[in-house]
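Visitor: structure for the following, please:
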Amino acid sequence: NQVFPSQFGLGAALKQQVPNPMFGLLPPGPLSGATVAREQLLRPYPQFTGVSRTNPAYGNSVYHSLQLKLEKRLAQGLAALISFTASKNLTDLNGTRDAFNRSVERAVSDSDVPQRLTIAASYDLPFGRKRKYLSNINRAADFAIGGWQLSTFQTYQAGFALGFGFAGGTYAAGTSPRVLVVGDPTDGVSGSHQSRLDRYFNTSAFVRPPDFTLGNLAPRLHTVRSPGMNNVNITLFKNFFVTEKVRTEFRASAYNALNHPVFSGPNTTVGNASFGRISSQANLSRQIEFGLRVSF
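Guide: Numbers count the residues shown, from 1 in each chain. Okay, the predicted model is just below:
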């Protein structure tokens, strides 16, 4: 029930109160007065303030990917699985800027991840009895250095495409205008995420759209993405028997072992004092956990 784009040129006249031709014909409500905003009469269904459908069947999504997997089956104490995905996820279901032209909604989706690499591996350290090195050490020494296993799970992932918004302005009823792009969002911005916390992208490339227009930015901007993920988890553990009937497992785990920060996305509201700034961290700093389990 959006005002037709051909009427946007009326500008402020869209908001003017005019005689209501439906006066006395509608039940009491927001449209039953003697006057009504001119833009209400220019809607496809002027007798309704809004029209909606439940679970409408519309829109398209397209996902393409290249998926690679390298598997090292357990041999000589080593097992590993490495997976890599390069993909693109396009959709026109990100919103409705102009109900009469859905093609302007086509953009990468909010779940689009162009590259993702995961590594899962475990390795029996070759020290101690029945291992390659120090196989003849005594029981006490083996208790300390033998039988250990090291495992890791690592994730490296590109960030998500950012969506932009703004505050203020006056626009035609039923529309959802978006930001106006007037330059290159990446111009003059380079370096690591940490070096760009106060200016993550070229903030001068975005402005609030003029009144009674729709802007020109897609729902998501694939050239400007939130910081990606770089996470390494490491676990060192050992199973051993204290006696024939008492089995013990000791485990030491380091989450985000390299203490890499994953920053939250920047502020993307044009006109906000923090526009373009990153002010928080999305992940936890390094955490170390020790565990001891005794089975008898």
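Visitor: pick out the residue closest to the middle of this structure.
Guide: F160 (4.2 Å; C-alpha atoms, centre = their mean).
Visitor: was I right about that residue contacting S264?
Guide: No. F160 is beyond contact range of S264, at 11.2 Å (criterion: C-beta atoms under 8 Å). From N, CA and C alone the C-beta is placed, and that goes for glycine too.
Visitor: which residues sit in contact with the closest residue to L117 other than its chain neighbours?
Guide: Computed as C-beta to C-beta, 6 or more residues apart in numbering, the closest residue to L117 that is not its neighbour in sequence is Y156, at 4.4 Å. Contact analysis of Y156 by C-beta atoms under 8 Å, 6 or more residues apart in numbering lists 115-118, 228-231.
Visitor: dump those residues into a markdown table; add secondary structure and distance to F100 as well.
Guide: Formatted as a markdown table, these follow (DSSP: H, G, I helix; E, B strand; the rest coil; distance: C-beta to C-beta, whole Å):
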| residue | secondary structure | distance to F100 |
| --- | --- | --- |
| Q115 | strand | 36 |
| R116 | strand | 37 |
| L117 | strand | 42 |
| T118 | strand | 43 |
| G228 | coil | 37 |
| M229 | strand | 39 |
| N230 | strand | 43 |
| N231 | strand | 44 |
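Visitor: any of the residues you listed buried? List them.
Guide: 116, 118, 228-231 (16 or more other C-beta atoms under 10 Å).
Visitor: farthest pair in those residues?
Guide: T118 and G228 (13.1 Å; C-beta to C-beta).
Visitor: tell me what the longest helix seen in the chain is packed against?
Guide: Secondary structure assigned by DSSP state H gives helix 139-145 as the longest helix of the chain. Helices and strands in packing contact with helix 139-145 are not found; criterion 3 or more C-beta pairs under 8 Å, 6 or more residues apart in numbering; DSSP states H and E.
Visitor: ok, now with 10 Å
Guide: In terms of contacts (3 or more C-beta pairs under 10 Å, 6 or more residues apart in numbering; DSSP states H and E), helix 139-145 is packed against strand 229-241.
Visitor: list the buried residues for the strand it packs on?
Guide: 229-235, 237-238.
Visitor: just give me the neighbour total for S52.
Guide: Neighbour count of S52, defined by other C-beta atoms under 10 Å: 7.
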